[in-house]
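> predicted model and sequence follow; I will ask about them next.
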Amino acid sequence: MNIENLTNPENILHISLNINKSTFEDVFSKMEFLGAYEYILSAFKRYNIPTISISMEDMDHLSREYGAEKHLRRKRNMAPVSPQHAEFIKQFSEITDLYIPALRFKTKKIDILTDPDIFKAINSANRKIIMISGFTTDLEILITTAILFNSGFIPVVISDATSTYSERMFFTALEFISMTAEVIDSRDLIKKWEY
């Protein structure tokens, strides 16, 4: 699969995972994420690539306490708050308020395809290439790519339009993701679509 096939707008569906301010406040690469996310949303709108926004909230765990403890462990390596934090939060709100996804879903399942409404929406789009952005790279995006790959889709993670709590976790996750998905960044799309 080459970049030509991966970037044909007629074949692409965009899934945006967990785009919320509370997660964004804790991720390490805010500036990179904002630049990439704003670009892809405007490009997807221009090329009529539909976006499905999915929020995974209050995910079901065998033990809620255990799930909370695992989440705290992941956040231990968070980067310190930068002086531009307030400006980044403002920009995040402006970008997410500007672009409205075609469909929005909330689910308690990390396997999005087990939610019948989400499964139907993805299938009815009739597009094999699923570009993925959002949070967090090392858990929800990692698992989603494996599930989509196993279900016959071609997942493509836009790396700089995703983030997580630490740089180390981010790059380790991308390496694992590359085993079941294609990993590109927004610059690959800019080269293909803007020149």
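Yep, it's here. Computed from a predicted structure; not experimentally measured. Residues are numbered from 1 along each chain as shown.
> and the next element down the chain from the lengthiest strand in the chain?
In the chain, assigned by DSSP state E, the strand with the most residues is strand 154-163. Per DSSP states H and E, strand 154-163 leads on to helix 167-177 as the next helix or strand towards the C-terminus.
> what segments of this protein are helices?
For the chain, the helices defined by DSSP state H occupy 3-6, 21-24, 30-46, 64-75, 85-98, 116-124, 142-150, 167-177, 186-194.
> which secondary structure elements does the last one contact?
Contacts defined by 3 or more Cβ pairs under 8 Å, 6 or more residues apart in numbering; DSSP states H and E place helix 186-194 against helix 3-6, helix 30-46, strand 154-163. Backbone N, C-alpha and C define where each C-beta goes, glycine included.
> how about 7 Å then?
Helix 186-194 is packed against helix 30-46, strand 154-163, with contacts defined by 3 or more Cβ pairs under 7 Å, 6 or more residues apart in numbering; DSSP states H and E.
> just want the phi and psi numbers for the closest residue in space to residue 166 that isn't next to it in sequence.
In space, and not counting its chain neighbours, residue 166 is closest to residue 77: 3.9 Å by Cβ to Cβ, 6 or more residues apart in numbering. With angles defined as degrees, to the nearest 10, residue 77 sits at phi -100, psi 20.
> same deal with residue 151?
Backbone torsions for residue 151, taken as degrees, to the nearest 10, come to phi -100, psi 10.
> identify the residues contacting the nearest residue to it once chain neighbours are set aside.
Nearest in space to residue 151, with sequence neighbours left out and distances taken as Cβ to Cβ, 6+ apart, is residue 113 at 5.8 Å. Residue 113 is in contact with 119, 147, 151, counting by Cβ atoms under 7 Å, 6 or more residues apart in numbering.
> the longest strand of the chain - contacts with which helices or strands?
For strand 154-163, the elements it packs on are helix 30-46, strand 129-135, helix 142-150, helix 167-177, strand 182-184, helix 186-194, judged by 3+ Cβ pairs under 7 Å, 6+ apart.
> go with 10 Å
helix 3-6, strand 12-17, helix 30-46, strand 129-135, helix 142-150, helix 167-177, strand 182-184, helix 186-194 (3 or more Cβ pairs under 10 Å, 6 or more residues apart in numbering; DSSP states H and E).
> before we move on, the earlier item: can you redo the helices of the chain as TSV with mean neighbour count, distance to residue 130 and mean pLDDT?
As requested, the helices of the chain are exported to TSV (neighbours: other Cβ atoms under 10 Å; distance: least, Cβ to Cβ, whole Å; pLDDT from 0 to 100):
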stretch	mean neighbour count	distance to residue 130	mean pLDDT
helix 3-6	13	11	77
helix 21-24	14	21	93
helix 30-46	19	12	96
helix 64-75	12	24	70
helix 85-98	14	20	94
helix 116-124	14	7	97
helix 142-150	19	5	97
helix 167-177	17	13	96
helix 186-194	15	15	93
